[in-house]
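Chemist: any chance you could fold what I've pasted below:
(chains A and B)
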Amino acid sequence: MIEGKDLRVYFKTRGVEVRALDGVSVAVKEKEIVGVVGESGSGKTTLGRTLLNLQRPVGGEVLWNGKNVFKLRGREEREFRRRNQIIYQNPYEAIDIRLKVYDVIAEGIRVHRLASNKEEEKEMVMNALRDVGLNPEEEYAYSLPNQLSGGQLQRVAIARALVLNPTFIVADEPVSMLDMSVRAGILEIFQRQREEKGTEILMITHDISTLGYIADRIYVMYQGKVIEHGSADALLEKPLHPYTQALITAVPIPDPSERAKPFSVKIKEKEEEYNGKGCKYYPRCPFAMQSCREKEPELKGVSSDHYVACYLY
Amino acid sequence: MSNLIFEESTDNLLQVNSLKTYYKTKTGFVKAVDDVSLFVDRAKVLGVAGESGCGKSTLVTAIFRVTPRNAQVMSGEVKYKGQDILNMDLKVFRRDIVWKEIAYIPQASMDVLDPVYKIKDQMLETILEHEDLSKADALERIYKALENVGVPAEKADMFPHELSGGQRQRVVIAMALLLNPSMIVSDEATTALDVITQAKILELMKSLQENRKFSMMFVTHDLSLLANISDSIAIMYAGKLVEFGDVEKVFGNPLHPYTQLLLKAIPDLRFRKQRRLVAIPGFPPDLENPPKGCRFAPRCPLAMPICREVEPEFSRVEGFHYVACHAVNKK
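Modeler: This is a model prediction of the structure:
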């Protein structure tokens, strides 16, 4: 189980402070696939990186099985690094194109000294390739990354993570670069991993419809804040925050008889200037009230598995 | 390919007739667009969908005659308002057809707009290249064009990096419409955008199209977008057109196994409990040595022996609905 508590990450650019994470708390429990959804700049990638101790927050803590990950040292830190993996959006950038697929995957095994000899290493690599559906694995193992398609390369990136037997994986937009037709195959790998090994997964995406098929719980982020979270069923069937509602109505429906629907996204065309103190969303919110301009709403439970930060509720 | 399909056209503006565009390589030809015929009617929207590498972009670049140097049009023709635009003098084509008649909306990214020129200067260039207009009049038109796409006129004085992704895409759309073309070709115009921005841009494109009555060819890998904006749908696979028809028919009764699988790969929140997402097994073929027979046969769940031997003919099933598949009963 991994848990982030009141995480704050601020970036300073040219004197302007950007609050990428502004008091975000998330938890990924055992055997859970948790989705984080939001638009670019909402802080979802920063959240993933902070949970993995790739980004130091200015406030808050990350607990991994109860231990503060920023205080881990030596053997414990190495163990943390091995057990917690990340998969990036663009496999072309995440993989060293000069290495053969075999070495891309074997690198982690060597760093963490997981294999006692070459045969064992080879077996681990081949198993990992098979786990991600790259058959025949011998052939893929000795290819170079540029001989593979984007979908195949993303599978290699996943194999590289899985070979280390992680207990937690951050998957940062793992399918958004890929063709529709191969996305389901990639998502299946994560689902199988969860079912067979109980791996916890944090799936970061801007596309809420994908999460509907894979996530147990969903966090919706907007400008560094979690504005709604809950079980996937509660959140998708009864979205409360106007932003979550907009995210859901914006999903194109593959049915010509529902033509008008995607165009009914409720969001203001002309944005107001943010006044620095109200709800971050009020400039775009069609339901903004006076109270929204004065103070940021806190997350409040509307049921035991559904929380929203909005004065409408 | 039989060109029966043109019978379905009522008022055709663009007609692609048995087009073959191949890329020459050291070892042979990559058959990126291989005998493709389709049409776009006046004031209608044709949606073109397929996976990466299916030849969508080659088709677009062939229409605009901007294919890479190793590409060759092997045969076929592209007719715009009855004129053969592939063999037209290139200078005349660029002066009279591109932008003025057929404009292009590419994928939203920084590379589309020149980062060192202000928005208005790039738009001025487009106008002044083609029309004899005073600068003041041209600027007037630019401000109006920007407002029409929901970008405040004062943004004309900004540089591309000062705008958000959605605004840049709106600027690109405004630019395409500057010379009031009869046809727009959009290639993955909303692909890099956030879901909400994408919905807004699609809404904008659809309303502009309905108000100004231009034709549109909307190319994308995401079939779900097409349901909401298209009148007809063309599905491409490995350089071939595999299904073509009225939007209701293609979505309501997809015939080609490839189209059926593509539709099952789309996440649809309405049915998330009932259906599983389906991945299409295997990978698209090498277009230098495409498989004999149907190019989809190696990945097709319904493949029969004949599919690996004989290329299926593209034929009509019922009304404006065509498919190239041995497994579909022909009428």
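Chemist: show me what contacts the residue most central in space within chain B?
Modeler: For chain B, B:V219 is the residue whose C-alpha lies nearest the centre (CA atoms, centre = their mean; 2.7 Å). Contact analysis of B:V219 by CB atoms under 8 Å, 6 or more residues apart in numbering or on different chains lists B:G47, B:V48, B:A49, B:K56, B:S57, B:L59, B:V60, B:V185, B:S186, B:D187, B:E188. C-beta coordinates here come from the backbone N, C-alpha and C atoms, glycine included.
Chemist: I'd assumed it was in a helix, is it?
Modeler: No: secondary structure assignment (DSSP: H, G, I helix; E, B strand; the rest coil) places B:V219 in strand, not in a helix.
Chemist: and the gap between it and B:I105?
Modeler: Distance from B:V219 to B:I105, counting by CB to CB, to the nearest Å: 10 Å.
Chemist: need the overlap of contacts for the two.
Modeler: B:V185, B:S186, B:D187.
Chemist: surely the last one is in contact with B:I63?
Modeler: Meaning B:D187. No: using CB atoms under 8 Å, B:D187 makes no contact with B:I63, being 10.3 Å away.
Chemist: could you point out the longest helix in chain B?
Modeler: Using DSSP state H to define each element, chain B has its longest helix at helix B:195-212.
Chemist: who does the residue nearest to the centre of chain B form a beta bridge with?
Modeler: B:V48, B:D187 (DSSP bridges).
Chemist: quick one: pLDDT of it?
Modeler: Per-residue pLDDT puts B:V219 at 94.
Chemist: try B:M110
Modeler: The score at B:M110 is 61. That number is its pLDDT.
Chemist: how about A:S264?
Modeler: The per-residue pLDDT reported for A:S264 equals 69.
Chemist: same thing with the one 4 residues further on?
Modeler: A:K268 carries a pLDDT value of 74.
Chemist: and it, helix, strand or coil?
Modeler: Here A:K268 is coil, with the state taken from three-state DSSP.
Chemist: again with the one 4 residues further on
Modeler: Remark: A:E272 carries the secondary structure label coil [criterion: three-state DSSP].
Chemist: now it: closest residue in space, sequence neighbours ignored.
Modeler: Setting aside the residues directly before and after it, A:E272 is nearest to A:P283 in space (CB to CB, 6 or more residues apart in numbering or on different chains), at 4.3 Å.
Chemist: looking at this, the one you found is in a helix?
Modeler: Yes: under three-state DSSP, A:P283 falls within a helix.
Chemist: now do the contacts for it.
Modeler: A:P283 neighbours (CB under 8 Å, 6+ apart): A:K268, A:E271, A:E272, A:E273, A:Y274.
Chemist: which one in the residues you listed is the model shakiest on?
Modeler: Of all the contacts of A:P283, A:E271 has the smallest pLDDT value, namely 69.
Chemist: just for chain A, where's the confidence low?
Modeler: The model of chain A has pLDDT under 70 over residues A:259-264, A:269-271.
Chemist: what helix or strand is A:A159 located in?
Modeler: Assigned by DSSP states H and E, A:A159 belongs to helix A:150-162.
Chemist: now could you export just the CA positions of that helix as PDB?
Modeler: In PDB, the C-alpha atoms belonging to helix A:150-162 read as follows (Å, rounded to 0.1, in the frame of the first residue of the first chain):
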ATOM      1  CA  GLY A 150       4.900   2.000 -30.600                       C
ATOM      2  CA  GLY A 151       2.600  -0.600 -29.100                       C
ATOM      3  CA  GLN A 152       5.300  -3.200 -29.100                       C
ATOM      4  CA  LEU A 153       7.800  -0.800 -27.600                       C
ATOM      5  CA  GLN A 154       5.400   0.100 -24.800                       C
ATOM      6  CA  ARG A 155       5.100  -3.600 -24.000                       C
ATOM      7  CA  VAL A 156       8.900  -3.700 -23.700                       C
ATOM      8  CA  ALA A 157       8.800  -0.700 -21.300                       C
ATOM      9  CA  ILE A 158       6.200  -2.600 -19.300                       C
ATOM     10  CA  ALA A 159       8.300  -5.800 -19.300                       C
ATOM     11  CA  ARG A 160      11.200  -3.800 -18.000                       C
ATOM     12  CA  ALA A 161       9.200  -2.800 -15.000                       C
ATOM     13  CA  LEU A 162       7.500  -6.200 -14.500                       C
END
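Chemist: that one and chain B in contact?
Modeler: Yes: Helix A:150-162 is in contact with chain B by CB under 8 Å from any CB of the partner chain, via A:G150, A:G151, A:Q152.
Chemist: nearest residue to the last one in space, please, no chain neighbours.
Modeler: In this structure, A:Q152 finds its nearest non-sequential neighbour in A:L134, 6.6 Å apart by CB to CB, 6+ apart.
Chemist: now A:L153
Modeler: Take A:L153 and drop its neighbours on the chain: the residue closest to it by CB to CB, 6+ apart is A:P91, 4.0 Å away.
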